[in-house]
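1. coords please:
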Amino acid sequence: MGYHLRKIAFYLAALWAAVTLNFVIPRLLPGNPVDILMAKLQQRGGSVDPAARQAYETLLGTGGRESFVREYFAYLGNLARGDLGVSVSAFPAKVSDVIGDSLPWTVVLVGLATLISFVLGVGLGALVGWKRGTWLDSLVPATTMLSAVPYFWLALILVALLSSGLGWFPLNGGYDVVLDPGWSPEFLGSALYHGTLPALTIVLSSVGGWLLGMRNMMVSAMSEDYVLTARAKGLTGSRVMVRYAARNAVLPSVAGFAISLGFVVSGSIVTEQVFSYPGIGSKLLQAVQNNDYALMQGIFLVITIAVLGANLLVDLLYGLIDARTRDRSTVS
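-> Numbering: from 1, shown residues only. As a prediction, the model looks like this:
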């Protein structure tokens, strides 16, 4: 129990530190979101008097007469009430609404792509490690090369070949604009069709890391005593590979996968920009370009909670699975 309480306390402190940085860092950027909003209103032919400007400063929680410390505690109070503020780039929409509209797109796209790349990489890595020294070893440099290719360049190549050249996939967007978003088969099919190429980009760029890591762990596990004992018992090669070697070799990859799930909500800004995909990454870039403090803070907060939650889950699971982890923590 003491081990779990210490872990939870540590991550609560980390969450407070992340929330504080989340408040400070956007305010170090040049520019003022109120000035950007005023410029937008003036472009539409409106006039802004000092009283209206002060009202917008109060609404956005920045640039007013309040001190930096007061703004910070007001931010914490709003956060405790679940109020993430109003977005400047999507004014007058609330930040929670903007995130709620874009987050599902990213979670489905990046989440499924991460799962597919993990299963494919671990499966191929186990097979390559088991049959090392054969032609299957050529998969390692091939997939590693794809991982080394710049992300945006790989995305542009796939767009040029599969979309512009062959016309197999649409060039951009998350769905056909003539359809109304919903749970209809037509919309779901369109979303799946538009998301295939971005997902393929993510899978190709990340599968090499999983394959290489699993392959190395398999080679190491095959020299362990329990694998040699299983072989001496006369068990079939497939059973030794799956039940003994791969079962133990996959543990580090499972931990890495759990942590990588925390970064799913951050999306892929490059992929979403290349494919004009309506995910959280494009909203984050839009918020930075418009000095949208509230939206930046809201997106960073969601990413922080997801990453810390994934790390906490891994730590707690390791404490349950491996008693040595708790023992080392108790001794220290």
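2. Run through the helices of the stretch 101-250 of the chain in chain order.
-> Using DSSP state H, counting those that start in this stretch, the helices of the stretch 101-250 of the chain run over residues 139-148, 151-158, 185-221, 225-232, 237-239, 247-249.
3. Show me what the third one is packed against.
-> In this case it means helix 185-221. helix 95-130, helix 139-148, helix 151-158, helix 247-249, helix 251-262, helix 269-274 (3 or more C-beta pairs under 8 Å, 6 or more residues apart in numbering; DSSP states H and E). (C-beta placed from N, C-alpha, C; glycine too.)
4. Then the second one?
-> In this structure, helix 151-158 packs against helix 185-221, helix 269-274, with contacts taken as 3+ C-beta pairs under 8 Å, 6+ apart.
5. mean pLDDT lowest for which of those?
-> For those, mean pLDDT drops lowest on helix 269-274, to a mean of 78.
6. Outside of the helix or strand that it is followed by itself, list whatever touches it.
-> Counting by DSSP states H and E, the next helix or strand C-terminal to helix 269-274 is helix 280-289. By C-beta atoms under 8 Å, 6 or more residues apart in numbering, the residues outside helix 280-289 that reach it are 29, 87, 89, 98-99, 102-103, 105-106, 265-273, 276, 292, 295-296, 299, 302.
7. Please point out which parts of helix 280-289 sit buried.
-> 280-284, 286-288 (16 or more other C-beta atoms under 10 Å).
8. Next: stretch 95-102.
-> Neighbour-count burial for stretch 95-102 flags 95-96, 98-99, 102 (criterion: 16+ other C-beta under 10 Å).
9. quick one on the thing from earlier: which one of the helices of the stretch 101-250 of the chain lies nearest to residue 257?
-> helix 185-221 (8.0 Å; C-beta to C-beta).
10. Taking helix 225-232 as reference, get the angle to that closest one.
-> Counting by axes from the mean of the first three to the mean of the last three C-alpha atoms, to 10 degrees, helix 185-221 lies at 90 degrees to helix 225-232.
11. what angle sits between helix 185-221 and helix 151-158?
-> Going by the same axes, to 10 degrees, helix 185-221 makes 120 degrees with helix 151-158.
12. where does the residue nearest to residue 204 when sequence neighbours are not counted sit relative to residue 243, distance-wise?
-> Excluding the flanking residues, the one nearest residue 204 by C-beta to C-beta, 6 or more residues apart in numbering is residue 146, at 5.1 Å. From residue 146 over to residue 243 the distance is 31 Å, taken as C-beta to C-beta, to the nearest Å.
13. and the residue lying closest to residue 105 once chain neighbours are set aside, how far is that from residue 264?
-> Spatial nearest neighbour of residue 105, excluding adjacent residues (C-beta to C-beta, 6+ apart): residue 279 at 4.5 Å. Look at residue 279 and residue 264: by C-beta to C-beta, they are 11 Å apart.
14. Next: residue 86.
-> 26 Å.
15. same thing with residue 118?
-> 11 Å.
16. Redo the helices and strands packed on helix 185-221 as CSV? Include distance to residue 314.
-> CSV is the format used below for these (distance: least, C-beta to C-beta, whole Å):
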stretch, distance to residue 314
helix 95-130, 14
helix 139-148, 23
helix 151-158, 25
helix 247-249, 17
helix 251-262, 5
helix 269-274, 25
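17. which intervals of the stretch 51-200 of the chain have sub-threshold pLDDT?
-> 51-67 (pLDDT under 70).
18. let me fix that: the stretch 201-332 of the chain
-> Those would be 262-263, 265-267, 318-332, if you go by pLDDT under 70 across the stretch 201-332 of the chain.
19. Now the terminal residues of stretch 261-281, how far apart.
-> Start-to-end span of stretch 261-281 (C-alpha to C-alpha, to the nearest Å) is 15 Å.
20. what distance separates it from the centre of its chain?
-> 8 Å (C-alpha atoms, centre = their mean, to the nearest Å).
21. How about stretch 19-26?
-> 19 Å.
22. what does that stretch contact?
-> 71-72, 75-76, 79, 291, 293, 296-297, 300-301, 304.
23. of those, buried ones?
-> Here, 16+ other C-beta under 10 Å leaves 71-72, 75, 79, 291, 293, 296-297, 300-301, 304 buried among the contacts of stretch 19-26.
24. Could you list which of those residues belong to helices?
-> Counting by DSSP state H, those place 71-72, 75, 79, 293, 296-297, 300-301, 304 in helices.
25. Reformat the buried residues of helix 280-289 as CSV; add distance to residue 153.
-> Shown next, in CSV, are the buried residues of helix 280-289 (distance: C-beta to C-beta, whole Å):
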residue, distance to residue 153
280, 23
281, 17
282, 19
283, 24
284, 21
286, 23
287, 25
288, 22
